[in-house]
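> How does the following fold in three dimensions:
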Amino acid sequence: MSLVSFALRLVVSRMLKDRTLARDLIFNSPVDPLVEWKARVGEGDSLPCIAVYTGKRSPNIIGKATQGTDATIELIFDILVPPTPVVVDDYIELTTTNTGGAMVMDIVWRQIEAALRGAPAPWQDIWDIFVIKVLEIESRPLLYQIEAGNTVPCVEVTMRLRTVPDPDFGVHLLPGWQKMCAAMAADPDYRDYASFFEKLITDPEDLSSWEQVQAALGLSRGSVDSIGLGPADSTAQDDPALVSGVTYTDTERRP
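I've put the predicted structure just below:
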């Protein structure tokens, strides 16, 4: 898990809202999507839903800087189809207990792909900055059992993405993270977390300035002491580094 993983889940859930047959039934990493689905579906509605998750993350690490230079992240979509007919284009009714269910999933995935290429600002801007390349797409069919003898067809689609790395510790926000924090501040569900999220990047708790330099450069304590960045007292934790600032490369710039 990572800050980029969090950002991708939030960004995608906003990009998909009201852009597919699922309408606003877009769930961000639910423990049980069936519970969320039943709680949200309206009286008489028969709608598919989409659950968005992130899976395996593999950063490209150099030395001890765990944030890496970039990362590969799995972005996972579970598309669940109701056992009752789904209405397409306001009048075409598809029975989901036969080939109609597969057709609904095909339509929804097509709509997801379109939404990821043409969503409103700021979400499209953030997606385009954070996602460097789509490396691979895989899908596999699943079945959810809701009651004895009743199942819900589902397809799980995994996009393997090359993304920007997580930001270093104690650094200024780069453009993508500026947009992300601003989008969170404007979102009713996430505005309370926006300033805390920003502090995780710019002002990490309990890290003095020299420790932030150490973390950013992936240095051991011995290396920090040998080049004079650490405090004179090796047991101290809060002395400032012997440098006034560190300049970082814009890792969000595409290669």
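
> check which helix or strand covers R110.
helix 99-115 (DSSP states H and E).

> just C154 next, same as before
In this structure, C154 is located in strand 150-163 according to DSSP H and E.

> what's the answer for P188, then?
Short version: P188 belongs to no helix or strand, going by DSSP H and E.

> What count of nearby residues applies to it?
Neighbour count for P188, taken as other CB atoms under 10 Å: 6. Glycine gets a C-beta too; all of them are placed from N, C-alpha and C.

> picking up where we left off before, buried residues, the strand holding C154. List them.
Neighbour-count burial for strand 150-163 flags V152, P153, C154, V155, E156, V157, T158, M159, R160, L161, T163 (criterion: 16 or more other CB atoms under 10 Å).

> D166 against T69, yeah?
No. If you go by CB atoms under 8 Å, D166 and T69 don't touch, sitting 10.9 Å apart.

> and the two? which has more neighbours close in?
Shown here are D166 and T69; by other CB under 10 Å, D166 has more neighbours (22 against 14).

> Helix, strand or coil: sort out that one for me.
Reduced to three states with DSSP: H, G, I helix; E, B strand; the rest coil, the structure at D166 is coil.

> Do you have the strands of the protein handy? List them.
Ranges of strands in the chain, per DSSP state E, are 26-28, 49-59, 71-80, 86-88, 92-94, 131-147, 150-163.

> contacts for the first one?
By CB atoms under 8 Å, 6 or more residues apart in numbering, the list of residues contacting strand 26-28 from outside reads R9, L10, S13, L16, K17, P33, E36, W37, C49, I50, A51, V52.

> Check these and tell me the two furthest apart.
The largest separation in the contacts of strand 26-28, counting by CB to CB, is between L10 and W37 at 19.6 Å.

> low-confidence ranges in the stretch 151-255 of the chain?
Regions of the stretch 151-255 of the chain meeting the criterion pLDDT under 70 cover residues 204-221, 224-255.

> try 50 this time
240-248, 253-255 (pLDDT under 50).

> Redo the strands of the chain as JSON lines? Include distance to A194.
Shown next, in JSON lines, are the strands of the chain (distance: least, CB to CB, whole Å):
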{"stretch": "strand 26-28", "distance to A194": "16"}
{"stretch": "strand 49-59", "distance to A194": "20"}
{"stretch": "strand 71-80", "distance to A194": "22"}
{"stretch": "strand 86-88", "distance to A194": "36"}
{"stretch": "strand 92-94", "distance to A194": "41"}
{"stretch": "strand 131-147", "distance to A194": "21"}
{"stretch": "strand 150-163", "distance to A194": "21"}
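
> among these, which gets the worst mean confidence?
The weakest mean pLDDT among these belongs to strand 92-94, with a mean of 57.

> Any figure for the gap between A121 and K179?
Noted for A121: a distance of 9 Å to K179, by CB to CB, to the nearest Å.

> Those two - which one has more neighbours?
Just comparing A121 and K179: by other CB under 10 Å the higher neighbour count belongs to K179, 20 against 9.

> my guess is the more buried one meets W127, correct?
No. The pair K179 / W127 is not scored as a contact, 10.3 Å apart, by CB under 8 Å.

> For burial, what's the neighbour tally of F27?
Neighbour count for F27, taken as other CB under 10 Å: 21.

> Ok, K133 next?
Neighbours of K133 using other CB under 10 Å come to 12.
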